[in-house]
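A.B. asks: need a structure here:
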Amino acid sequence: MSQSKWKFSVAPMMDWSDRHCRFLHRLLSRRALLYTEMVTTGAILFGPRERLLGYHQAEHPVALQLGGSEPEALAQCARIGEDFGYDEINLNCGCPSDRVQNGAFGACLMREPDLVAASVVAMKAAVNIPVTVKCRIGVDDQEPREALWTMAQKLRAAGVDALVVHARKAWLKGLSPKENRDIPPLDYPLVHALKRDFPGMPIAINGGLRSMDVIKAQLEEVDGAMVGREAYHNPGMLLEVDPELFDEAAPVADAFEAVALMEPYIADELAKGARLSDITRHMLGLFAGMPGARAFRRHLATEAVKRGAGLDVLRAAAAHVNRDDSAQDAA
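C.D. replies: Okay, here's the model as predicted:
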C-alpha cells in the first residue's frame, strides 16, 4: 500500500473547506493532507490576503490550491503562499464552474497542457515546496486516454511533484458544477493505467470514494486517495484514517471529544467577530449515523444562525446525541 505524502487527503471544496472546516478535520486526523478552497490569483494579488490565506497553525500539513492560468501570476501567488507557510501549492485544472470557465482556468486547462506545464515550471522556480496539479480525465469531447496522458507527459517534463486525478470527465457544456460531480461516470481503471504508465510520478485518485475499504483498494493501485464530499458530510470517517492507513491512533476517541476540543477554538473565533454558524455549519454531519444525529443537526441549523449564538448552542445540540450506539435513530 502507498506510503506517499499524498496517501490520504481531503479535497479542496469551494465554500466548504475553509479554515474552520480544516481545523475540525485536523482534530479528527493528524495525517490527512488538507487543502484550501481554490483561491484565484487575482484575489491574492489584489484582495485581502490575510482573510483569504490565513489559517490556524494546527492545520499543517495544509496545501493552498490556486486558480489561474498566467504562469507569472501563479508564480507570484505560489511565492506568497509559501511565505504564508503553506506546505504545498496545487493548481486547479478540474473545476467546471461558470466563473472558472469565464476566467479560462480550472477544467478549461485540460485543453491547454503546454500552458499548465509552463505554469508548473514557473511555480517550481518560485518556491521550495511541492507544486502539484489536480485535474479531470478530460473535458467535453476529449478522448480521456489522449487528454490525460498528454497532460501527464507535459507535467512530468515540467517536474510536477504529484498529480491528483478526479476520475470523471467535466462537461463544460450542458452540465452544472453539481451535475459534474455525479453524472459523468467514474473511470478508476483509467487512472490505474495512468499510474502504470507513469510509475515515477506520484498519482492520487479522487471521485466517489466513500468508504475505507474502497480507499484501501485504490491505494493498491495508486499513490493516494483524495476524499471530498464524504469527508465533509460525514467527518467522523476521518477518525478511521490514522488507524486504518497509517497504523497510528486517532487523535481523539470520538466525535464528542472533537466537539469538546472545538470549544476553545470557537470561543476564540467568536471573540474575533465570527458567527457561530460560520463554524458549526461544518460540524452538522459529525454524528452521522448516531442516535440523535438528526436532532443535533436541526438544533445547530436553527439556533447557530441567531444573533449572539454561543457555545451554549453547540452544547445543547450535542446533548441530543445518545452515546449508546445500540440505540436506533433514523438520522
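
A.B. asks: ok, L194 - contacts?
C.D. replies: L148, W149, A152, V165, I203 (Cβ atoms under 8 Å, 6 or more residues apart in numbering). Glycine gets a C-beta too; all of them are placed from N, C-alpha and C.

A.B. asks: what residues sit buried inside whichever strand or helix holds R196?
C.D. replies: Assigned by DSSP states H and E, R196 belongs to helix 188-197. For helix 188-197, the neighbour count (16 or more other Cβ atoms under 10 Å) marks Y188, L190, V191, H192, L194, K195 as buried.

A.B. asks: likewise for stretch 149-168?
C.D. replies: Applying 16+ other Cβ under 10 Å to stretch 149-168 flags 149, 151-152, 154-155, 158, 160-168 as buried.

A.B. asks: average pLDDT for the following helix or strand past the helix holding R196, rounded please.
C.D. replies: Downstream of helix 188-197, the next assigned helix or strand under DSSP H and E is strand 203-206. The average pLDDT for strand 203-206 rounds to 98.

A.B. asks: contacts for strand 203-206 next, please.
C.D. replies: Here strand 203-206 has contacts from 4, 6, 9, 11, 134, 162-167, 188, 191, 194-195, 218, 221-228, using Cβ under 8 Å, 6+ apart.

A.B. asks: which of the buried residues of stretch 149-168 fall in strands?
C.D. replies: Under the assignment DSSP state E, the buried residues of stretch 149-168 contribute A162, L163, V164, V165, H166 to strands.

A.B. asks: in contact with A152: list those residues for me.
C.D. replies: Counting by Cβ under 8 Å, 6+ apart, A152 has contacts L163, L194, D197, F198, M201.

A.B. asks: what about the closest residue to A63 other than its chain neighbours, neighbour count?
C.D. replies: Nearest non-adjacent residue to A63, counting by Cβ to Cβ, 6 or more residues apart in numbering: E88, 3.6 Å away. Counted with other Cβ atoms under 10 Å, residues neighbouring E88 total 24.

A.B. asks: and E88, what does it touch?
C.D. replies: By Cβ under 8 Å, 6+ apart, the neighbours of E88 are L33, P61, A63, L64, I129, P130, V131, T132, D161.

A.B. asks: how many neighbours does the third one have?
C.D. replies: Burial measure for A63: 23 neighbouring residues, criterion other Cβ under 10 Å.

A.B. asks: that one against L33, yeah?
C.D. replies: Yes - the criterion here is Cβ atoms under 8 Å, and A63 meets it with L33 at 6.3 Å.

A.B. asks: which stretches of the stretch 201-331 of the chain aren't confidently modelled?
C.D. replies: Applying pLDDT under 70 to the stretch 201-331 of the chain picks out residues 324-331.

A.B. asks: residue ranges of the strands in it, please?
C.D. replies: 203-206, 224-227 (DSSP state E, counting those that start in this stretch).

A.B. asks: that'll do, ta.
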